[in-house]
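Q: here you go, sequence then predicted model.
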Amino acid sequence: MIPVYTGSHVRDAETPLIRDASDLRLMRQAAAALAHHGLLMLKEHTGRVYGSRVVALIGPGNNGGDGLFALAALTKRGVATTAVLLASHAHPEGMAALQRAGGRTAPATALEELLVECDLLIDAGYGTGVRPGIELPSIPRDIPVLACDMPSGVNSDTGGAASSVIPADKTVTFGALKSGLVLGSGHLVSGRIHVVDLGLEATLPEPEAWVVQGDDLELLLDQDDSWSAAGRHKYQRGVLGLLAGSARYPGAAVLSARSAVACGLGLLRTIVPQNVAAALTTQVPEAVGLGSAELTSLLARNRRNEREGATRIGAWAIGPGLEDSAETRKHLDQVLASGNPCVIDAGALAMLEPGTHRQLRILTPHAGELNALLAKAGIRVSSRDIAADPLRWARWAAVAYDCVVLLKGSATICTAPDGYALIVHAATPDLATAGSGDVLTGILGTLLASAHFGTASSNEDVVARTHKLTDLAAAGALVHAHAGALAAHEGTVSAVDLLVELPRAARDLGL
Ligand SMILES: NC(=O)C1=CN([C@@H]2O[C@H](COP(=O)(O)OP(=O)(O)OC[C@H]3O[C@@H](n4cnc5c(N)ncnc54)[C@H](O)[C@@H]3O)[C@@H](O)[C@H]2O)[C@@H](O)CC1
Ligand SMILES: Nc1ncnc2c1ncn2[C@@H]1O[C@H](COP(=O)(O)OP(=O)(O)O)[C@@H](O)[C@H]1O
């Protein structure tokens with residue numbers, strides 16, 4: 001797990017370390033790392049360093065200062081460098097260093113011509129100090145771009161981006177991984193990220209969030225919950241109830257059902273309309289149907305805590321393809337009242353009410369669904385607001401609905417009502433395909449069905465349970481992302497391709 005800090009927190013941590021303007025140690029350290037990555041990129045793209053041409057966009061602040069010191073270092077290695085000054089002033093010590101080394105400067109008006117013969121562009125325009133309203137030049141796509149600390153124009157706290165942001169192939173970021181690099185648009189324009197340690201840990205506050213990767217799965221899941229533990233029978237492995245599908249959307253239920261089964265679920269019980277039941281019979285023969293009357297008696301037995309292993313449902317997956325009707329509402333109310341852990345997606349999100357439930361629920365909206373959830377809770381935001389600060393609005397929804405929220409998108413954000421947040425940002429864009437979210441719901445359902453949450457007798461227990469739920473949500477997103485990556489090896493990815501790769505993805509990650 002990699003801790004993530006807001007750019008503002010990193011700046012605040014740097015400030016006391018810069019005792020006076022003449023103390024340039026941090027900046028030199030940052031610049032040396034930037035120059036090193038510049039050399040690596042030159043080698044990678046042109047096969048040589050000596051005689052290659054680097055242009056750097058230099059802004060008026062310390063970000064520009066980093067760029068100037070880096071250019072000076074590159075000049076000493078025989079690189080032909082030009083600093084294009086974006087503002088009327090630039091970091092004085094950086095300018096002096098560049099001039100001593102023999103690097104050139106040019107005004108912004110010369111940029112277009114300089115780019116005609118350019119092997120690498122260093123973007124040292126604006127870093128953590130950027131304010132809204134920045135205007136940046138556009139850079140031809142074939143020129144490799146190395147961003148200094150942040151791609152210019154990206155808000156280092158939120159990942160919100162100005163309209164003219166410069167996408168980077170690589171970002172060398174200083175002091176810590178910044179939230180703006182892994183969230184929202186920032187995530188899409190940062191390229192490969194390299195973090196340079198500046199020894200700031202002691203002065204940084206609590207991380208804003210954590211980035212999780214495939215090898216973190218072991219940390220995210222409790223060993224006791226592993227369905228593959230020897231000696232478990234199918235009911236101990238996990239029984240999931242699936243409330244999904246409609247006459248209009250039968251496929252969504254089939255995808256979730258197949259996904260849950262492919263992830264190693266013990267038993268799937270399905271409560272679905274008739275046309276969906278027919279499709280499930282042929283496409284998911286492992287599933288066992290559940291009628292309305294049986295649901296009522298089963299939930300009553302669950303309430304009385306009768307030990308009827310075969311009928312006891314451990315968790316619910318609700319919503320894929322679900323349409324609003326009196327019968328759906330009845331089933332939904334019954335299931336939600338059961339208090340079982342559940343993952344709530346798609347159609348069911350629209351039927352949910354905000355409030356304090358203290359129940360084990362993961363809501364899985366995409367940005368549009370988050371918008372609607374927030375509106376129902378009286379919080380009016382636009383889709384643009386959500387894109388500009390997705391973590392903030394996911395947290396608001398987690399509080400308003402007292403649930404864990406998994407916000408889907410190019411980066412997946414999982415957050416608990418107390419703000420604990422995990423980010424999965426390694427997913428391939430191939431996941432953005434119809435039905436992919438239904439597959440995720442099945443994965444999450446299986447993880448919930450095999451998990452043990454215990455009872456919550458204190459506030460600490462409640463918090464610990466929601467953190468565990470957040471960890472499970474992120475684990476599910478990781479399995480989903482890995483299935484996407486495996487499927488992408490074969491070409492374009494459909495939701496069914498994800499299903500095919502799920503068993504291998506689960507095995508690879510040690511599920
Ligand atoms: N001070 C140090 O020793 C270190 C600084 N670091 C660098 O310093 C950067 C932060 O430096 P700064 O705080 O100077 O901030 P920046 O250099 O990111 O930007 C601030 C400058 O840009 C101007 N600016 C911002 N938004 C603008 C807009 N919309 N229109 C016009 N002008 C605008 C500001 O007026 C200011 O001059 C980090 O991103 C990092 O690159 C790192 O090197 C670590 C060490
Ligand atoms: N650009 C992207 N890069 C990576 N993953 C993405 C991207 N866009 C969407 N995703 C992921 O794809 C899935 C889409 O889910 P969803 O929008 O619910 O689709 P559907 O409703 O069609 O099943 C989510 O897991 C989401 O995080």
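A: That came in fine, so what should we check first? Ligands and ions are numbered 1, 2, ... in the order given.

Q: by proximity to ligand 2, which residue of this structure wins?
A: Gly437 (2.0 Å; C-beta to the nearest ligand atom). C-betas here are computed from N, CA, C, even on glycine.

Q: wait, Ser259 sits on Thr441?
A: Yes. At 7.3 Å, Ser259 and Thr441 qualify as touching, with contact defined as C-beta atoms under 8 Å.

Q: so what does the lowest-mean-pLDDT helix or strand in the chain touch, helix or strand wise?
A: The weakest-scoring helix or strand in the chain, judged by mean pLDDT, DSSP states H and E, is helix 234-237 (a mean of 74). Where contact means 3 or more C-beta pairs under 8 Å, 6 or more residues apart in numbering; DSSP states H and E, helix 234-237 is packed against strand 267-271.

Q: now for the strand it packs on, which elements pack on it?
A: helix 234-237, strand 239-243, helix 250-262, helix 274-283, strand 288-289.

Q: what residues does the stretch 301-450 of the chain have near ligand 2?
A: Residues of the stretch 301-450 of the chain lying close to ligand 2 (C-beta under 6 Å from any ligand atom) are 346, 366, 408-410, 412, 427-429, 431-432, 434-438, 440.

Q: buried among those residues? Need that as a selection in PyMOL.
A: To isolate the buried members of these in PyMOL, using 16 or more other C-beta atoms under 10 Å:
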select buried, resi 346+366+408+409+410+412+427+428+431+435+436+437+438+440
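
Q: which ones among the residues of the stretch 301-450 of the chain next to ligand 2 map onto helices?
A: Using DSSP state H, the subset of these located in helices is Ala346, Ser436, Gly437, Asp438, Leu440.

Q: wait, isn't the second one in contact with Ala495?
A: Okay, so that is Ser436. Yes. Taking contacts as C-beta under 8 Å, Ser436 lies within contact range of Ala495: 5.2 Å.

Q: ok, the closest residue to Glu135 other than its chain neighbours - how many residues close by?
A: In space, not counting the residues next to it along the chain, Glu135 is nearest to Ser164; the distance is 5.8 Å by C-beta to C-beta, 6 or more residues apart in numbering. Number of residues near Ser164 (other C-beta atoms under 10 Å) recorded here: 12.

Q: residue ranges with poor pLDDT in the protein?
A: 18-22, 226-232, 305-311 (pLDDT under 70).

Q: up against ligand 1, what does it have?
A: Counting by C-beta under 6 Å from any ligand atom, the residues of the chain near ligand 1 are 14, 18, 26-27, 30, 59-64, 66, 126-131, 133-134, 148-150, 174.

Q: among the residues you listed, which ones are in strands?
A: Cys148, Phe174 (DSSP state E).

Q: okay, and which of the residues of the chain next to ligand 1 map to helices?
A: Using DSSP H, the residues of the chain next to ligand 1 in helices are Glu14, Leu26, Met27, Ala30, Asn62, Asn63, Gly64, Asp66.

Q: show the buried residues in the residues you listed.
A: Applying 16+ other C-beta under 10 Å to those flags Glu14, Leu26, Met27, Ala30, Asn62, Asn63, Gly64, Asp66 as buried.

Q: contacting residues around the residue nearest to Glu135?
A: Ile134, Glu135, Leu136, Pro137, Ser138, Gly153 (C-beta atoms under 8 Å, 6 or more residues apart in numbering).

Q: got a PyMOL select line for the buried ones in those residues?
A: Buried subset of those, written as a PyMOL selection, criterion 16+ other C-beta under 10 Å:
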select buried, resi 134+136+137+153
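
Q: next, format the contacts of Ser164 as TSV and append distance to Glu460.
A: Shown next, in TSV, are the contacts of Ser164 (distance: C-beta to C-beta, whole Å):
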residue	distance to Glu460
Ile134	45
Glu135	50
Leu136	48
Pro137	53
Ser138	52
Gly153	42
